[in-house]
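S.K.: Here is a sequence together with a model predicted from it:
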Amino acid sequence: MKLHNLKIPEEQVNFKQAVIQGIGQQRGLFFVEKFQLLDNIDEILKMDFIERSSHIIHHLIDGELAYEQVNKMVSRAFNFSLPIKHIDEKICCLELFHGKTLAFKDFGARFMAQCVKAFNEEDEVTILTATSGDTGAAVAHAFYKIDGIKVKILYPQGKISNLQEKLFCTLGENIETYAIDGDFDDCQRMVKAAFDSDEIRKKHNLTSANSINISRLLAQVCYYFEMASQYPDGNLVVAVPSGNFGNLTAGLIARQCGAPIKRFIAVTNANDTVPRYLINQVWSPNKTVETASNAMDVSDPSNWPRIMSLFDNDLDELRQVISASIKTDEQTYHAMRQLQQLNYIAEPHTAIAYAGLVESLTGDEQGVFISTAHPAKFIETVENILDIKIPLPKALAKVKGLENLSTTMTNDTSNFNKMLLK
Ligand SMILES: Cc1ncc(COP(=O)(O)O)c(C=O)c1O
(Lines give C-alpha, C1' and ligand atoms only; values in the text may rest on other atoms or scores of the structure.)
Protein backbone atom coordinates (compact mmCIF):
# COMPACT_ATOMS: atom_id res chain seq x y z
CA MET A 1 0.00 0.00 0.00
CA LYS A 2 1.45 3.36 -0.97
CA LEU A 3 0.49 6.28 1.26
CA HIS A 4 1.78 9.82 1.21
CA ASN A 5 1.73 12.66 3.70
CA LEU A 6 -1.02 15.08 2.62
CA LYS A 7 1.16 18.03 3.66
CA ILE A 8 4.50 16.76 2.38
CA PRO A 9 3.77 14.46 -0.56
CA GLU A 10 7.41 13.36 -0.78
CA GLU A 11 7.03 11.59 2.58
CA GLN A 12 5.80 8.17 1.47
CA VAL A 13 5.15 5.13 3.62
CA ASN A 14 3.61 1.68 3.35
CA PHE A 15 0.68 0.43 5.44
CA LYS A 16 2.89 -0.95 8.20
CA GLN A 17 4.81 2.33 8.56
CA ALA A 18 1.59 4.37 8.49
CA VAL A 19 0.07 2.24 11.27
CA ILE A 20 3.14 2.45 13.49
CA GLN A 21 3.96 6.10 12.83
CA GLY A 22 0.33 7.26 12.99
CA ILE A 23 0.95 10.72 11.60
CA GLY A 24 3.52 12.26 9.24
CA GLN A 25 5.86 15.25 9.49
CA GLN A 26 4.23 18.63 10.16
CA ARG A 27 1.19 16.72 11.42
CA GLY A 28 0.32 15.65 7.89
CA LEU A 29 -2.11 12.76 7.55
CA PHE A 30 -1.13 9.68 5.58
CA PHE A 31 -3.45 8.88 2.72
CA VAL A 32 -3.68 7.12 -0.61
CA GLU A 33 -3.70 9.06 -3.87
CA LYS A 34 -6.55 7.05 -5.31
CA PHE A 35 -8.19 3.89 -3.99
CA GLN A 36 -8.51 1.25 -6.68
CA LEU A 37 -11.85 -0.24 -7.69
CA LEU A 38 -12.46 -3.79 -6.53
CA ASP A 39 -12.86 -5.72 -9.75
CA ASN A 40 -15.24 -8.40 -8.46
CA ILE A 41 -17.83 -6.25 -6.68
CA ASP A 42 -20.83 -8.48 -7.41
CA GLU A 43 -19.10 -11.52 -5.93
CA ILE A 44 -17.79 -9.51 -2.96
CA LEU A 45 -21.26 -8.21 -2.13
CA LYS A 46 -22.57 -11.78 -1.89
CA MET A 47 -19.96 -12.89 0.68
CA ASP A 48 -20.54 -12.98 4.43
CA PHE A 49 -19.26 -10.05 6.47
CA ILE A 50 -15.96 -11.57 7.61
CA GLU A 51 -14.98 -13.01 4.24
CA ARG A 52 -16.00 -9.82 2.43
CA SER A 53 -14.16 -7.60 4.92
CA SER A 54 -11.01 -9.71 4.60
CA HIS A 55 -11.09 -9.30 0.82
CA ILE A 56 -11.69 -5.56 1.08
CA ILE A 57 -8.85 -4.95 3.54
CA HIS A 58 -6.50 -7.22 1.61
CA HIS A 59 -7.34 -5.15 -1.49
CA LEU A 60 -6.94 -1.82 0.32
CA ILE A 61 -3.51 -2.66 1.71
CA ASP A 62 -2.48 -3.91 -1.69
CA GLY A 63 -1.55 -7.38 -0.53
CA GLU A 64 0.96 -6.11 2.05
CA LEU A 65 -0.21 -8.94 4.31
CA ALA A 66 -1.27 -12.38 3.07
CA TYR A 67 -5.03 -12.92 2.70
CA GLU A 68 -4.99 -15.68 5.35
CA GLN A 69 -3.39 -13.35 7.90
CA VAL A 70 -5.84 -10.53 7.13
CA ASN A 71 -8.68 -13.01 7.48
CA LYS A 72 -7.45 -14.04 10.97
CA MET A 73 -7.08 -10.39 12.03
CA VAL A 74 -10.53 -9.48 10.74
CA SER A 75 -12.18 -12.49 12.43
CA ARG A 76 -10.58 -11.56 15.75
CA ALA A 77 -11.41 -7.86 15.43
CA PHE A 78 -15.00 -8.04 14.17
CA ASN A 79 -16.33 -10.51 16.71
CA PHE A 80 -19.77 -8.90 17.07
CA SER A 81 -22.84 -8.37 14.91
CA LEU A 82 -23.96 -5.34 12.88
CA PRO A 83 -27.71 -5.68 12.35
CA ILE A 84 -29.71 -3.51 9.98
CA LYS A 85 -33.06 -2.52 11.54
CA HIS A 86 -36.02 -1.45 9.45
CA ILE A 87 -37.62 1.80 10.55
CA ASP A 88 -40.10 2.17 7.66
CA GLU A 89 -40.21 1.12 3.97
CA LYS A 90 -37.66 3.72 2.90
CA ILE A 91 -35.44 3.95 5.92
CA CYS A 92 -33.34 1.62 7.98
CA CYS A 93 -30.63 1.90 10.55
CA LEU A 94 -27.25 0.19 10.64
CA GLU A 95 -26.46 -0.56 14.28
CA LEU A 96 -22.73 -0.43 14.91
CA PHE A 97 -22.84 -0.57 18.68
CA HIS A 98 -22.82 -4.29 19.45
CA GLY A 99 -19.12 -4.49 20.31
CA LYS A 100 -17.58 -4.49 23.78
CA THR A 101 -17.74 -0.72 24.34
CA LEU A 102 -21.13 -0.20 22.70
CA ALA A 103 -20.06 2.24 19.98
CA PHE A 104 -18.95 2.03 16.34
CA LYS A 105 -15.39 2.76 17.45
CA ASP A 106 -14.95 -0.92 18.33
CA PHE A 107 -14.52 -1.73 14.63
CA GLY A 108 -11.54 0.56 14.12
CA ALA A 109 -9.89 0.14 17.50
CA ARG A 110 -10.05 -3.65 17.54
CA PHE A 111 -8.66 -3.90 14.01
CA MET A 112 -5.92 -1.41 14.84
CA ALA A 113 -4.92 -3.54 17.84
CA GLN A 114 -4.53 -6.51 15.48
CA CYS A 115 -2.34 -4.40 13.18
CA VAL A 116 -0.13 -3.10 15.99
CA LYS A 117 0.33 -6.66 17.29
CA ALA A 118 1.27 -7.83 13.80
CA PHE A 119 3.67 -4.99 13.01
CA ASN A 120 5.27 -3.84 16.24
CA GLU A 121 8.96 -4.63 16.53
CA GLU A 122 9.75 -2.45 19.57
CA ASP A 123 9.84 -3.63 23.19
CA GLU A 124 7.40 -0.97 24.20
CA VAL A 125 5.02 1.27 22.23
CA THR A 126 2.81 4.06 23.53
CA ILE A 127 -0.54 4.73 21.94
CA LEU A 128 -1.41 8.37 22.49
CA THR A 129 -4.89 9.45 21.57
CA ALA A 130 -7.58 12.07 22.13
CA THR A 131 -11.22 11.14 22.51
CA SER A 132 -14.48 13.03 22.33
CA GLY A 133 -16.07 10.15 24.19
CA ASP A 134 -16.14 6.79 22.45
CA THR A 135 -12.69 6.29 20.94
CA GLY A 136 -11.21 6.23 24.43
CA ALA A 137 -13.21 3.23 25.57
CA ALA A 138 -12.77 1.33 22.32
CA VAL A 139 -9.00 1.86 22.24
CA ALA A 140 -8.57 1.16 25.95
CA HIS A 141 -10.43 -2.14 25.72
CA ALA A 142 -8.79 -3.17 22.46
CA PHE A 143 -5.29 -2.75 23.96
CA TYR A 144 -6.02 -3.59 27.61
CA LYS A 145 -3.30 -5.76 29.20
CA ILE A 146 -1.42 -6.27 25.94
CA ASP A 147 2.26 -6.71 26.77
CA GLY A 148 4.57 -3.98 25.52
CA ILE A 149 1.78 -1.48 24.82
CA LYS A 150 0.98 1.53 26.96
CA VAL A 151 -2.09 3.64 26.21
CA LYS A 152 -2.50 7.31 27.13
CA ILE A 153 -5.90 8.86 26.47
CA LEU A 154 -6.84 12.55 26.71
CA TYR A 155 -10.47 13.61 26.99
CA PRO A 156 -12.32 16.86 27.76
CA GLN A 157 -13.22 16.85 31.45
CA GLY A 158 -16.94 17.11 32.15
CA LYS A 159 -17.80 17.02 28.45
CA ILE A 160 -18.38 13.32 27.98
CA SER A 161 -21.17 11.27 29.51
CA ASN A 162 -20.58 9.72 32.92
CA LEU A 163 -20.87 6.18 31.56
CA GLN A 164 -18.63 6.92 28.57
CA GLU A 165 -16.00 8.04 31.08
CA LYS A 166 -16.45 5.06 33.39
CA LEU A 167 -15.91 2.65 30.50
CA PHE A 168 -12.26 3.60 30.03
CA CYS A 169 -11.11 5.58 33.07
CA THR A 170 -11.54 2.72 35.52
CA LEU A 171 -9.32 0.08 33.92
CA GLY A 172 -5.83 0.94 35.21
CA GLU A 173 -3.01 -1.49 34.26
CA ASN A 174 -1.53 -0.27 30.92
CA ILE A 175 -4.29 2.34 30.39
CA GLU A 176 -3.63 5.92 31.59
CA THR A 177 -6.34 8.55 31.22
CA TYR A 178 -6.06 12.34 31.40
CA ALA A 179 -9.07 14.58 32.05
CA ILE A 180 -8.20 17.85 30.29
CA ASP A 181 -9.64 21.18 31.33
CA GLY A 182 -10.69 22.11 27.78
CA ASP A 183 -12.59 20.76 24.80
CA PHE A 184 -11.89 17.92 22.35
CA ASP A 185 -10.08 20.25 19.95
CA ASP A 186 -7.67 21.10 22.81
CA CYS A 187 -7.07 17.40 23.44
CA GLN A 188 -6.47 16.80 19.74
CA ARG A 189 -4.06 19.76 19.62
CA MET A 190 -2.12 18.41 22.64
CA VAL A 191 -1.79 14.99 21.06
CA LYS A 192 -0.58 16.47 17.78
CA ALA A 193 1.93 18.67 19.62
CA ALA A 194 3.37 15.64 21.40
CA PHE A 195 3.81 13.97 18.02
CA ASP A 196 5.61 17.08 16.79
CA SER A 197 8.38 16.55 19.31
CA ASP A 198 11.03 14.12 18.04
CA GLU A 199 12.22 13.71 21.60
CA ILE A 200 8.82 12.59 22.88
CA ARG A 201 8.12 10.44 19.85
CA LYS A 202 11.38 8.58 20.27
CA LYS A 203 11.24 8.31 24.06
CA HIS A 204 7.82 6.66 23.97
CA ASN A 205 7.73 5.07 20.51
CA LEU A 206 4.50 6.96 20.01
CA THR A 207 1.71 5.93 17.73
CA SER A 208 -1.77 7.39 17.45
CA ALA A 209 -5.10 5.64 17.69
CA ASN A 210 -7.24 8.53 16.55
CA SER A 211 -8.91 8.29 13.18
CA ILE A 212 -5.60 9.84 12.15
CA ASN A 213 -4.45 6.20 12.10
CA ILE A 214 -5.21 4.71 8.71
CA SER A 215 -5.86 1.20 10.07
CA ARG A 216 -8.96 2.43 11.85
CA LEU A 217 -10.40 3.94 8.70
CA LEU A 218 -9.81 0.79 6.66
CA ALA A 219 -11.75 -1.24 9.21
CA GLN A 220 -14.65 1.18 8.98
CA VAL A 221 -14.82 0.83 5.19
CA CYS A 222 -16.10 -2.73 5.73
CA TYR A 223 -19.43 -1.81 7.29
CA TYR A 224 -20.34 0.43 4.35
CA PHE A 225 -20.03 -2.63 2.13
CA GLU A 226 -22.39 -4.45 4.50
CA MET A 227 -25.09 -1.82 3.83
CA ALA A 228 -24.35 -1.90 0.12
CA SER A 229 -24.66 -5.70 0.12
CA GLN A 230 -28.25 -5.34 1.36
CA TYR A 231 -29.16 -2.54 -1.07
CA PRO A 232 -26.97 -3.12 -4.10
CA ASP A 233 -29.09 -1.38 -6.75
CA GLY A 234 -27.38 2.01 -6.57
CA ASN A 235 -30.13 4.00 -4.78
CA LEU A 236 -28.53 3.91 -1.37
CA VAL A 237 -28.21 7.18 0.56
CA VAL A 238 -26.25 7.06 3.81
CA ALA A 239 -26.58 9.60 6.62
CA VAL A 240 -23.49 9.84 8.81
CA PRO A 241 -23.47 11.60 12.20
CA SER A 242 -20.22 13.53 11.87
CA GLY A 243 -17.71 15.09 14.26
CA ASN A 244 -14.11 14.43 13.30
CA PHE A 245 -15.27 13.05 9.91
CA GLY A 246 -13.46 9.70 10.12
CA ASN A 247 -16.69 7.78 9.61
CA LEU A 248 -17.61 9.71 6.48
CA THR A 249 -14.05 9.34 5.14
CA ALA A 250 -14.42 5.55 5.43
CA GLY A 251 -17.74 5.67 3.56
CA LEU A 252 -16.17 7.66 0.75
CA ILE A 253 -13.29 5.19 0.49
CA ALA A 254 -15.85 2.39 0.19
CA ARG A 255 -17.58 4.27 -2.61
CA GLN A 256 -14.30 4.92 -4.44
CA CYS A 257 -13.58 1.18 -4.24
CA GLY A 258 -16.92 0.49 -5.92
CA ALA A 259 -19.50 0.13 -3.13
CA PRO A 260 -22.80 1.06 -4.81
CA ILE A 261 -23.63 4.07 -2.65
CA LYS A 262 -25.39 6.95 -4.40
CA ARG A 263 -24.60 9.74 -1.96
CA PHE A 264 -23.90 10.72 1.65
CA ILE A 265 -25.42 13.19 4.05
CA ALA A 266 -22.99 14.49 6.66
CA VAL A 267 -25.02 15.60 9.63
CA THR A 268 -23.41 17.72 12.33
CA ASN A 269 -24.57 19.37 15.52
CA ALA A 270 -23.99 23.10 16.12
CA ASN A 271 -20.27 22.52 15.52
CA ASP A 272 -20.87 23.17 11.86
CA THR A 273 -17.53 24.04 10.26
CA VAL A 274 -18.02 21.59 7.38
CA PRO A 275 -21.63 22.48 6.46
CA ARG A 276 -20.66 26.16 6.43
CA TYR A 277 -17.60 25.37 4.34
CA LEU A 278 -19.72 23.57 1.75
CA ILE A 279 -21.84 26.69 1.38
CA ASN A 280 -19.29 29.52 1.41
CA GLN A 281 -15.96 27.73 0.77
CA VAL A 282 -14.40 29.39 3.80
CA TRP A 283 -12.80 27.17 6.43
CA SER A 284 -13.47 29.04 9.67
CA PRO A 285 -13.85 26.85 12.76
CA ASN A 286 -15.74 28.60 15.55
CA LYS A 287 -15.08 27.90 19.20
CA THR A 288 -16.36 24.39 19.98
CA VAL A 289 -19.79 24.45 21.62
CA GLU A 290 -21.26 21.80 23.91
CA THR A 291 -24.23 19.87 22.59
CA ALA A 292 -26.33 16.83 23.43
CA SER A 293 -24.29 14.83 20.91
CA ASN A 294 -21.03 15.48 22.77
CA ALA A 295 -18.87 13.01 20.81
CA MET A 296 -19.45 15.23 17.77
CA ASP A 297 -18.41 18.45 19.51
CA VAL A 298 -15.51 19.01 17.14
CA SER A 299 -14.99 22.26 15.30
CA ASP A 300 -11.76 21.53 13.45
CA PRO A 301 -12.22 18.00 12.13
CA SER A 302 -8.87 16.44 11.32
CA ASN A 303 -10.11 14.11 8.59
CA TRP A 304 -11.37 16.86 6.31
CA PRO A 305 -8.12 17.11 4.27
CA ARG A 306 -8.48 13.41 3.49
CA ILE A 307 -12.00 13.97 2.18
CA MET A 308 -10.85 16.89 0.03
CA SER A 309 -8.07 14.75 -1.36
CA LEU A 310 -10.55 12.01 -2.35
CA PHE A 311 -12.12 14.62 -4.64
CA ASP A 312 -8.80 16.11 -5.81
CA ASN A 313 -9.75 19.24 -3.84
CA ASP A 314 -12.63 19.87 -6.26
CA LEU A 315 -15.50 21.16 -4.14
CA ASP A 316 -18.05 20.95 -6.97
CA GLU A 317 -17.34 17.25 -7.43
CA LEU A 318 -17.51 16.75 -3.69
CA ARG A 319 -20.88 18.47 -3.43
CA GLN A 320 -22.35 16.00 -5.93
CA VAL A 321 -21.67 13.18 -3.50
CA ILE A 322 -21.89 14.83 -0.07
CA SER A 323 -24.55 17.18 1.24
CA ALA A 324 -24.46 18.50 4.76
CA SER A 325 -27.02 19.33 7.38
CA ILE A 326 -26.85 20.95 10.81
CA LYS A 327 -29.11 19.93 13.68
CA THR A 328 -29.68 21.81 16.91
CA ASP A 329 -30.22 19.98 20.18
CA GLU A 330 -33.95 20.70 19.91
CA GLN A 331 -34.08 19.11 16.47
CA THR A 332 -32.09 16.17 17.81
CA TYR A 333 -34.58 15.63 20.64
CA HIS A 334 -37.44 15.92 18.17
CA ALA A 335 -35.86 13.21 16.01
CA MET A 336 -35.43 10.97 19.09
CA ARG A 337 -39.17 11.35 19.78
CA GLN A 338 -40.08 10.67 16.14
CA LEU A 339 -38.03 7.48 16.24
CA GLN A 340 -39.69 6.48 19.49
CA GLN A 341 -43.06 6.77 17.71
CA LEU A 342 -41.65 4.36 15.14
CA ASN A 343 -40.68 1.96 17.95
CA TYR A 344 -36.97 2.73 17.82
CA ILE A 345 -34.96 4.08 20.75
CA ALA A 346 -31.97 6.15 19.67
CA GLU A 347 -29.38 8.23 21.47
CA PRO A 348 -28.60 11.78 20.23
CA HIS A 349 -25.80 10.99 17.71
CA THR A 350 -27.93 8.39 15.96
CA ALA A 351 -31.00 10.62 16.02
CA ILE A 352 -29.07 13.44 14.34
CA ALA A 353 -28.32 11.16 11.41
CA TYR A 354 -31.98 10.17 11.16
CA ALA A 355 -33.04 13.84 11.17
CA GLY A 356 -30.66 14.62 8.30
CA LEU A 357 -31.85 11.62 6.31
CA VAL A 358 -35.63 12.11 6.59
CA GLU A 359 -35.52 15.65 5.24
CA SER A 360 -33.32 14.71 2.27
CA LEU A 361 -34.58 11.42 0.78
CA THR A 362 -36.35 11.70 -2.56
CA GLY A 363 -37.96 9.45 -5.21
CA ASP A 364 -36.81 5.87 -5.14
CA GLU A 365 -33.86 6.44 -2.82
CA GLN A 366 -33.29 3.97 0.01
CA GLY A 367 -31.93 5.58 3.17
CA VAL A 368 -29.70 4.17 5.87
CA PHE A 369 -28.70 6.15 8.93
CA ILE A 370 -25.78 5.00 11.00
CA SER A 371 -26.33 4.26 14.65
CA THR A 372 -23.00 4.95 16.27
CA ALA A 373 -23.74 4.27 19.95
CA HIS A 374 -26.01 2.21 22.20
CA PRO A 375 -28.77 4.37 23.75
CA ALA A 376 -27.67 3.37 27.27
CA LYS A 377 -24.34 5.14 26.79
CA PHE A 378 -26.33 8.37 26.96
CA ILE A 379 -28.85 7.09 29.46
CA GLU A 380 -29.57 10.42 31.19
CA THR A 381 -30.50 12.18 27.95
CA VAL A 382 -32.43 9.25 26.51
CA GLU A 383 -34.49 8.67 29.66
CA ASN A 384 -35.10 12.33 30.16
CA ILE A 385 -36.14 13.18 26.59
CA LEU A 386 -38.18 10.04 25.94
CA ASP A 387 -39.59 9.74 29.44
CA ILE A 388 -38.74 6.03 29.69
CA LYS A 389 -36.45 3.79 31.71
CA ILE A 390 -33.92 1.73 29.78
CA PRO A 391 -32.00 -1.23 31.18
CA LEU A 392 -28.26 -0.87 31.56
CA PRO A 393 -26.31 -3.40 29.45
CA LYS A 394 -23.87 -5.60 31.41
CA ALA A 395 -20.78 -3.75 30.14
CA LEU A 396 -22.05 -0.49 31.65
CA ALA A 397 -23.57 -1.95 34.84
CA LYS A 398 -20.14 -3.45 35.62
CA VAL A 399 -18.28 -0.12 35.52
CA LYS A 400 -20.95 2.23 36.85
CA GLY A 401 -19.75 2.18 40.47
CA LEU A 402 -15.99 1.94 39.86
CA GLU A 403 -13.49 4.62 40.84
CA ASN A 404 -12.32 7.04 38.13
CA LEU A 405 -8.50 6.75 37.90
CA SER A 406 -7.90 9.76 35.61
CA THR A 407 -5.26 12.44 36.17
CA THR A 408 -6.58 15.97 35.78
CA MET A 409 -4.55 18.43 33.66
CA THR A 410 -4.84 21.91 32.16
CA ASN A 411 -4.99 22.24 28.37
CA ASP A 412 -1.46 23.62 28.28
CA THR A 413 0.59 21.80 25.65
CA SER A 414 3.99 22.51 27.17
CA ASN A 415 2.92 21.15 30.56
CA PHE A 416 1.74 17.96 28.98
CA ASN A 417 4.91 17.62 26.93
CA LYS A 418 7.05 18.18 30.03
CA MET A 419 5.17 15.43 31.81
CA LEU A 420 5.80 13.09 28.88
CA LEU A 421 9.52 13.88 28.97
CA LYS A 422 9.92 13.26 32.72
C1 LIG B 1 -21.31 8.12 19.14
C2 LIG B 1 -20.55 8.86 18.09
N3 LIG B 1 -21.20 9.29 17.00
C4 LIG B 1 -20.58 9.98 16.03
C5 LIG B 1 -19.24 10.31 16.12
C6 LIG B 1 -18.58 11.09 15.02
O7 LIG B 1 -17.78 10.28 14.23
P8 LIG B 1 -16.56 10.93 13.40
O9 LIG B 1 -15.69 11.59 14.42
O10 LIG B 1 -15.90 9.78 12.73
O11 LIG B 1 -17.18 11.91 12.47
C12 LIG B 1 -18.51 9.88 17.24
C13 LIG B 1 -17.07 10.22 17.36
O14 LIG B 1 -16.43 10.22 18.35
C15 LIG B 1 -19.17 9.13 18.24
O16 LIG B 1 -18.51 8.68 19.32
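M.R.: Thanks, I have it. These figures come from a predicted structure and were not determined experimentally.

S.K.: what residues does the stretch 201-350 of the chain put near the ligand?
M.R.: 211, 241-247, 295-296, 349 (Cβ under 6 Å from any ligand atom). Any C-beta I mention is one placed from the backbone N, CA and C, and that applies to glycine too.

S.K.: Which ones among those map onto strands?
M.R.: P241 (DSSP state E).

S.K.: so can I have CSV of the residues of the stretch 201-350 of the chain next to the ligand showing distance to R319?
M.R.: Formatted as CSV, these follow (distance: Cβ to Cβ, whole Å):
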residue, distance to R319
S211, 23
P241, 20
S242, 15
G243, 20
N244, 21
F245, 15
G246, 20
N247, 19
A295, 26
M296, 21
H349, 24
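
S.K.: Sort out which of the residues of the stretch 201-350 of the chain next to the ligand are buried, if you could.
M.R.: Among these, those that count as buried by neighbour count (16 or more other Cβ atoms under 10 Å) are 211, 241-247, 295-296, 349.

S.K.: what would the residues you listed look like in a markdown table with pLDDT?
M.R.: Below are these laid out as a markdown table (pLDDT from 0 to 100):
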| residue | pLDDT |
| --- | --- |
| S211 | 68 |
| P241 | 98 |
| S242 | 98 |
| G243 | 96 |
| N244 | 93 |
| F245 | 97 |
| G246 | 96 |
| N247 | 97 |
| A295 | 91 |
| M296 | 95 |
| H349 | 98 |
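
S.K.: Just the strands from the stretch 51-200 of the chain, written as ranges.
M.R.: Assigned by DSSP state E, counting those that start in this stretch, the stretch 51-200 of the chain shows strands spanning 84-86, 91-95, 125-130, 149-156, 175-181.

S.K.: Nearest to I57 among those would be which one?
M.R.: Among the strands of the stretch 51-200 of the chain, strand 91-95 comes nearest to I57, with 18.8 Å by Cβ to Cβ.

S.K.: Which elements pack onto the closest one?
M.R.: strand 84-86, helix 214-230, helix 348-358, strand 366-371 (3 or more Cβ pairs under 8 Å, 6 or more residues apart in numbering; DSSP states H and E).

S.K.: Listing partners with orientation, what would you give for that strand?
M.R.: Counting by DSSP bridges, the strands paired with strand 91-95 are strand 84-86 (antiparallel), strand 366-371 (parallel).

S.K.: Out of those strands, flag the one nearest the ligand.
M.R.: strand 366-371 (8.1 Å; Cβ to the nearest ligand atom).

S.K.: Averaged pLDDT, the closest one. What do you get?
M.R.: Per-residue pLDDT over strand 366-371 has a mean of 98.

S.K.: So which bits of the stretch 1-150 of the chain are right by the ligand?
M.R.: By the rule Cβ under 6 Å from any ligand atom, the part of the stretch 1-150 of the chain lying against the ligand is 103, 132-135.

S.K.: Among the residues you listed, which one lies nearest to the ligand?
M.R.: When these are compared for distance to the ligand (Cβ to the nearest ligand atom), D134 comes out closest, at 3.3 Å.
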